[in-house]
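# The amino acid sequence is not available; the structure is as follows:
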């Protein structure tokens with residue numbers, strides 16, 4: 001399938017739009033392929049020509065949403081992960097409404113967070129030459145630990161009663177995780 005084919009682009013846009021709309025109304029874990037197809041006005045067979053399941057469609061949606069985050073320079077993303085995340089999702093009112101609707105859906109939140117961590121880890125893996133690290137440290141350990149640290153720190157923010165700004169989160173995070181980008 002040619003992803004630049006206008007029919008492919010149109011179908012994917014319709015499916016993403018349908019998913020967006022439904023995520024504002026229902027929990028992701030309760031959505032069915034039929035509901036997504038009905039809302040998108042796309043036949044079920046066509047859906048499966050483009051996506052294996054609803055999780056693959058959600059993954060595409062999250063990848064699209066994270067493009068602004070990854071448009072920031074690597075150094076900025078590493079040094080200020082929480083500020084860049086906040087800026088990266090500014091202006092996405094639809095997504096904020098989705099997050100509000102999905103906040104109790106563990107499946108959605110787990111999928112969303114694990115996809116973002118995968119993207120972060122891939123980002124570090126692709127830019128590992130920019131990370132200032134001891135040569136004894138295996139490269140893959142850097143991106144696994146960074147992704148895990150972000151996840152743990154985010155869980156702490158979400159589950160504690162602490163209210164913290166993105167800048168404060170970045171400062172505290174870097175007191176705990178000492179990862180630096182070469183000058």
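In hand now; what should we look at? Keep in mind the model is a prediction, meaning the values are calculated, not measured.
# Show me the shaky parts of this structure.
For the chain, the stretches flagged by pLDDT under 70 are 1-3.
# how's it carved up into domains?
When the chain is parsed into structural domains using automatic domain parsing, the resulting residue ranges are 6-58, 66-181.
# now those domains in TSV, with mean neighbour count?
Using the backbone N, CA and C atoms, a C-beta is placed for each residue, glycine as well. Rendered in TSV, the data for these read as follows (neighbours: other CB atoms under 10 Å):
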stretch	mean neighbour count
domain 6-58	16
domain 66-181	15
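# host element of the spatially most central residue of the chain?
In the chain, the centroid-proximal residue (CA atoms, centre = their mean) is residue 116; its distance is 3.2 Å. With elements taken from DSSP states H and E, the one containing residue 116 is helix 106-126.
# Could you list every helix and strand that that helix packs against?
Using 3 or more CB pairs under 8 Å, 6 or more residues apart in numbering; DSSP states H and E, the elements in contact with helix 106-126 are helix 54-65, helix 74-79, helix 93-102, helix 139-159.
# after it comes which helix or strand?
Using DSSP H and E, the helix or strand that follows helix 106-126 towards the C-terminus is strand 131-132.
# Give me the contact list for that following strand.
Contacts with strand 131-132, where a contact means CB atoms under 8 Å, 6 or more residues apart in numbering, come from 78, 124, 142, 179-182.
# how about 7 Å then?
Among residues not part of strand 131-132, those counted as contacts by CB atoms under 7 Å, 6 or more residues apart in numbering are 124, 142, 179-182.
# chain center to that strand: distance?
Computed by CA atoms, centre = their mean, to the nearest Å, the chain-centroid distance of strand 131-132 equals 24 Å.
# before we move on, what about stretch 94-101?
The chain centre lies 14 Å from the centre of stretch 94-101; the measure is CA atoms, centre = their mean.
# Check stretch 26-42 too.
Centre-to-centre, stretch 26-42 and its host chain are 21 Å apart (CA atoms, centre = their mean).
# re the thing from before, can the contacts of strand 131-132 go into a markdown table with extra columns for distance to residue 72?
As requested, those are exported to a markdown table (distance: CB to CB, whole Å):
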| residue | distance to residue 72 |
| --- | --- |
| 124 | 14 |
| 142 | 19 |
| 179 | 16 |
| 180 | 17 |
| 181 | 12 |
| 182 | 17 |
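# Residue 15 and residue 6: what is the separation?
Noted for residue 15: a distance of 15 Å to residue 6, by CB to CB, to the nearest Å.
# packing partners for whichever strand or helix holds residue 87?
Element membership for residue 87 (DSSP H and E) is helix 81-88. Here helix 81-88 is seen to pack against helix 166-176 when contacts are counted using 3 or more CB pairs under 7 Å, 6 or more residues apart in numbering; DSSP states H and E.
# Direction included, what does the following helix or strand past the helix it packs on pair against?
As assigned by DSSP H and E, the chain's next helix or strand after helix 166-176 is strand 180-181. When pairs are called by DSSP bridges, strand 180-181 turns out to pair with strand 131-132 (antiparallel).
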